[in-house]
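Asker: I need the structure of the sequence given here:
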Amino acid sequence: MNLIKTTPKNSYKLYFSVGYGQKPHALTVSPATYLGEGQLKSLVQDLTARDFGAVLRLSYGFRLKDFRLDYSLWGRADVRNLNTELSGEATGNTTEVFDDTFKNNLWYNTYQVGLSQSYSYERGNFKVTLGLPFICYILTDNDKIPDIYSTHDRVCLQPSLLLKYEYRSFTFHVSGNARRSFGDVNTSYTGYIMNGYRNLLSNTADRLLENRFATANTSVSYKDIFNALFVNLGVNYGYSWKNLLYGYNYQGIMSIKNTIEQPTDTENYGIRNYGVGTGLNLSPISFLSLNYFFSWSESQSYIVGRSSDFPRIRRTSQTVGLNVFPAKAITINMNVEHQYNSVAGQRYTTFADAGLKWKNKQVDIELGINNIFNARQYVSASYSEVSTYYYSYNLRPVSALLKFRFKIK
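Answerer: Next up is the predicted model:
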């Protein structure tokens, strides 16, 4: 339900939503030689996740000349239940039910009450918005099988700021926010769960996970639509803190995730990357059109105190498209794309597709040929904060697809 009443200077809102979801999952692994050769023919896990959520929000806003003030009083409840059981089929078609260390009946509930405040000032091309949400947070963790119950309460302020100014073709942007999060149902169950076909995992959830985040960024952009010129320069900062680290103890395929009370923080700064691009569209004759696009970009990451930096990643992309219209009902097209990545194992990759289409008032017939050069793999690399990611995609070989479309009326 969402009721809204507005006047030239005031607005009133009443919002309410409620929902329930039940998600059953089953996982069967056969043969199951994890717990000793020949002991079990298969492992069967039944898991059901139940979620109930409700939100009630009362909002009021009013305008005072160039100022806008908005307030919301709200409450939210999220009730979650995780129920799992592991069993096995032994030789002789007998069912073996494991003990309670392979079961879970966890109720993980969060309740929040908050007062949201938003103050905006807008005049001409200048706008600034300050958000000051105040939140009371209660978490209850009821692990019924080992009969462990805990409750946690927190009070936090999560401010945010947005500033935007437009001057001719330039846009100046500044933003920042701070927020906190608590707990995680995926790190709170204490019975073993088979979360893969060769992995059993449980947690020692004796402490509440707490994360704190702060981000800030500023950017200047320029756009000239008529000349298709766009320039953007941005700088960002990020800070994160968490109170726990995690370690693992292994017993065969079974692993226990231990919580270690060790606060850690991370800072990062970045302009991320820079690059240029250009495009060209030509129609030299009435039945022919040619498109070309080129882009180049480069990214670099550094770690303070590291003896060597990450290598620079240079990327280029070129695309050529050709469209031929030999007759009104016939279209022939071909696209060739060339990719380069300086740190990928396979630096150069070329793709090509072609198509032939015939169309009249009732029928469309289209023949498409994909991956003409039969490229078998595409590899790329990129940075994210202090990590380097390599992606390898196995591609479908050269293929053809014939499509028919009919109009019923």
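Asker: show me where the protein has helices.
Answerer: With DSSP state H applied, the chain shows no helices anywhere along its length.
Asker: which parts of the lowest-mean-pLDDT helix or strand in the chain are buried?
Answerer: Evaluated with mean pLDDT, DSSP states H and E, the helix-and-strand set of the chain has its lowest mean pLDDT in strand 94-97, which scores a mean of 72. Neighbour-count burial for strand 94-97 flags no residue at all (criterion: 16 or more other C-beta atoms under 10 Å). Placement of C-beta: from N, CA and C, glycine included.
Asker: strand partners (parallel or antiparallel) of that strand?
Answerer: Listed by DSSP bridges, the sheet partners of strand 94-97 and their directions read strand 67-90 (antiparallel).
Asker: check which residues of the partner strand are buried.
Answerer: Neighbour counts using 16+ other C-beta under 10 Å place 68, 70, 72, 74, 76-89 of strand 67-90 among the buried residues.
Asker: look up the closest residue to residue 217, ignoring the ones flanking it.
Answerer: Closest residue to residue 217 apart from its sequence neighbours, by C-beta to C-beta, 6 or more residues apart in numbering: residue 236 at 3.8 Å.
Asker: pretty sure residue 276 sits against residue 295.
Answerer: Yes. Counting by C-beta atoms under 8 Å, a contact exists between residue 276 and residue 295, whose distance comes to 7.1 Å.
Asker: who's more crowded, those two?
Answerer: residue 295 (14 against 10; other C-beta atoms under 10 Å).
Asker: quick check: that one vs residue 202, distance?
Answerer: In this structure, residue 295 and residue 202 are separated by 48 Å, where distance is defined by C-beta to C-beta, to the nearest Å.
Asker: same thing with residue 140?
Answerer: According to C-beta to C-beta, residue 140 and residue 202 sit 20 Å apart.
Asker: with residue 255 instead?
Answerer: Residue 255 sits at a distance of 8 Å from residue 202 (criterion: C-beta to C-beta).
Asker: now do residue 117
Answerer: Using C-beta to C-beta, which is the criterion applied here, residue 117 is 42 Å from residue 202.
Asker: what is the neighbour count of residue 64?
Answerer: Count around residue 64 with other C-beta under 10 Å applied: 8.
Asker: what's the mean pLDDT across stretch 66-78?
Answerer: The predicted model gives stretch 66-78 an average pLDDT of 96.
Asker: what of stretch 184-202?
Answerer: Confidence for stretch 184-202, expressed as mean pLDDT, is 84.
Asker: hmm, who's touching it?
Answerer: The contact list for stretch 184-202, computed with C-beta atoms under 8 Å, 6 or more residues apart in numbering, reads 27, 29, 34, 43, 45, 47, 80, 82, 84, 86, 100-104, 106, 108, 141, 143, 145-146, 148, 203-205, 209, 246, 253-257, 259.
Asker: tell me the span between the first and last residue of it.
Answerer: Separation of the first and last residues of stretch 184-202 by C-alpha to C-alpha, to the nearest Å is 14 Å.
Asker: which parts of that stretch are buried?
Answerer: Using 16+ other C-beta under 10 Å as the test for burial, stretch 184-202 gives 185, 188-194, 200-202.
Asker: strands - which of those residues land there?
Answerer: 193-194, 200-202 (DSSP state E).
Asker: out of these, what pair is the most spread apart?
Answerer: By the measure C-beta to C-beta, 194 and 202 form the most distant pair in those, at 10.7 Å.
Asker: in the stretch 151-300 of the chain, where is pLDDT below threshold?
Answerer: Within the stretch 151-300 of the chain, the ranges that satisfy pLDDT under 70 run 273-274.
Asker: quick one: the strands in it, in order.
Answerer: Shown for the stretch 151-300 of the chain, the strands assigned by DSSP state E, counting those that start in this stretch span residues 160-167, 170-182, 193-196, 199-204, 210-224, 229-242, 245-251, 254-260, 264-270, 273-285, 288-299.
Asker: redo those strands as JSON lines? Include distance to residue 23.
Answerer: Below are those laid out as JSON lines (distance: least, C-beta to C-beta, whole Å):
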{"stretch": "strand 160-167", "distance to residue 23": "33"}
{"stretch": "strand 170-182", "distance to residue 23": "22"}
{"stretch": "strand 193-196", "distance to residue 23": "14"}
{"stretch": "strand 199-204", "distance to residue 23": "19"}
{"stretch": "strand 210-224", "distance to residue 23": "25"}
{"stretch": "strand 229-242", "distance to residue 23": "28"}
{"stretch": "strand 245-251", "distance to residue 23": "25"}
{"stretch": "strand 254-260", "distance to residue 23": "23"}
{"stretch": "strand 264-270", "distance to residue 23": "33"}
{"stretch": "strand 273-285", "distance to residue 23": "39"}
{"stretch": "strand 288-299", "distance to residue 23": "39"}
